[in-house]
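S.K.: Return atomic coordinates for the entry below.
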Amino acid sequence: MYFCSMRTTFNKRAARQWLVYANASRCKHYVSLKKAGFISWKRERNNFAIGDIVYIFSSVERKIIFKTEVVAEEMRADGKYWIEEPPMHMTWRLKAVEEYTGISLDEAALKLHGFKGGKSLQHPMCNNPDLFAYIESKFEK
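M.R.: Numbers count the residues shown, from 1 in each chain. Prediction:
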């Protein structure tokens, strides 16, 4: 199931908003976003495009922890933050835009706005305008 929300960017291209699940048992996504300012996200099966916004939902905190922007395609560059052997393949570079530290983007709150949770977390989600409007309203920038 894919949910995607469209937004217009300055180059007149419709950018999308995504919600992805970051599995902390495999990689220290939060540390990578804080220290390096980015994470590398598997390109295969992720129909992102440069300019898309990707919200990172953490398996540990059970909430959205970062707003990121897709800025490049590259070979994995965040290998030192992986707990297991990092897969080396083409990825999307997701640049940290803003950290979220509140409680309004936890799993329970998101479910009130159309988030399914459960197995839906296994796939990137986009195309849920109400959910993404709510998420965006919680970021300051």
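S.K.: Go through the biggest helix by length in the chain and flag the buried ones.
M.R.: Longest helix in the chain by number of residues, with DSSP state H as the criterion: helix 129-137. By neighbour count with 16 or more other C-beta atoms under 10 Å, helix 129-137 contains the buried residues Leu131, Phe132, Tyr134, Ile135. C-beta: built from backbone N, CA, C; applies to glycine.
S.K.: could those residues be laid out in TSV, adding pLDDT and distance to Leu112?
M.R.: Shown next, in TSV, are those (pLDDT from 0 to 100; distance: C-beta to C-beta, whole Å):
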residue	pLDDT	distance to Leu112
Leu131	94	10
Phe132	94	14
Tyr134	96	8
Ile135	96	12
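S.K.: out of those residues, who's nearest Asn46?
M.R.: Distance to Asn46, by C-beta to C-beta, is smallest for Phe132 among the buried residues of helix 129-137, at 16.8 Å.
S.K.: Surely that closest one is in contact with Ala15?
M.R.: No. Applying C-beta atoms under 8 Å as the test, Phe132 and Ala15 come out as separate, 11.4 Å apart.
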